[in-house]
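Visitor: Sequence and predicted model, in that order:
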Amino acid sequence: MKNFRDLKVYQKAKRIAHQLYELSKCFPSYENRELGSQLRRASSSIVLNIGESKQFYVGKEITRLNDAYGSASEVRTILDLLLMRNYITQEKFNNFESEIVEVQKMLYVMINRLKAEAK
């Protein structure tokens, strides 16, 4: 069994979660408690679910990776709101968006590989 810390998707998601945590520190105080908190939880959830997935049998691993994928979609939605509210620049939005999409692609490949192995 591969250590989850060795997975590129885990390393990338962890780095992004940290960057988004740092970004959230710049939000107005009322927004930091609301959207900032949601952003921190959603981005952390990606990392947590990837780590947790490696502790289970294949079916549960797929479920956890699907949860990570869903949390990544939630982060993308929060990025839309941040851009709309002018909390981030278009450039930062584009950078985070492309990073999260890359994580989703990696998760998608992992999920499909596990499904094929389970057959």
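Guide: Thanks, I have it.
Visitor: List the buried residues for the lowest-mean-pLDDT helix or strand in the chain?
Guide: None of the helices or strands of the chain scores lower by mean pLDDT, DSSP states H and E than helix 29-31, at a mean of 89. Neighbour-count burial for helix 29-31, counted by 16 or more other Cβ atoms under 10 Å, picks out E31. C-beta: built from backbone N, CA, C; applies to glycine.
Visitor: CA atoms of stretch 83-100 as CSV?
Guide: The C-alpha trace of stretch 83-100 is given here as CSV (Å, rounded to 0.1, in the frame of the first residue of the first chain):
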residue,chain,number,x,y,z
LEU,A,83,-13.7,36.9,-7.6
MET,A,84,-17.2,38.3,-7.8
ARG,A,85,-16.8,40.1,-4.5
ASN,A,86,-13.3,41.4,-5.6
TYR,A,87,-11.5,39.6,-2.8
ILE,A,88,-9.1,38.1,-5.3
THR,A,89,-7.7,39.3,-8.7
GLN,A,90,-8.5,37.6,-11.9
GLU,A,91,-4.9,36.4,-12.0
LYS,A,92,-5.1,34.8,-8.6
PHE,A,93,-8.5,33.3,-9.5
ASN,A,94,-7.0,31.8,-12.7
ASN,A,95,-4.0,30.4,-10.9
PHE,A,96,-6.1,28.7,-8.2
GLU,A,97,-8.7,27.5,-10.7
SER,A,98,-6.1,25.8,-12.8
GLU,A,99,-4.4,24.2,-9.8
ILE,A,100,-7.7,22.9,-8.4
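Visitor: What are the contacting residues of it?
Guide: 12, 16, 19-20, 23, 26-27, 31, 35, 72, 75-76, 79, 82 (Cβ atoms under 8 Å, 6 or more residues apart in numbering).
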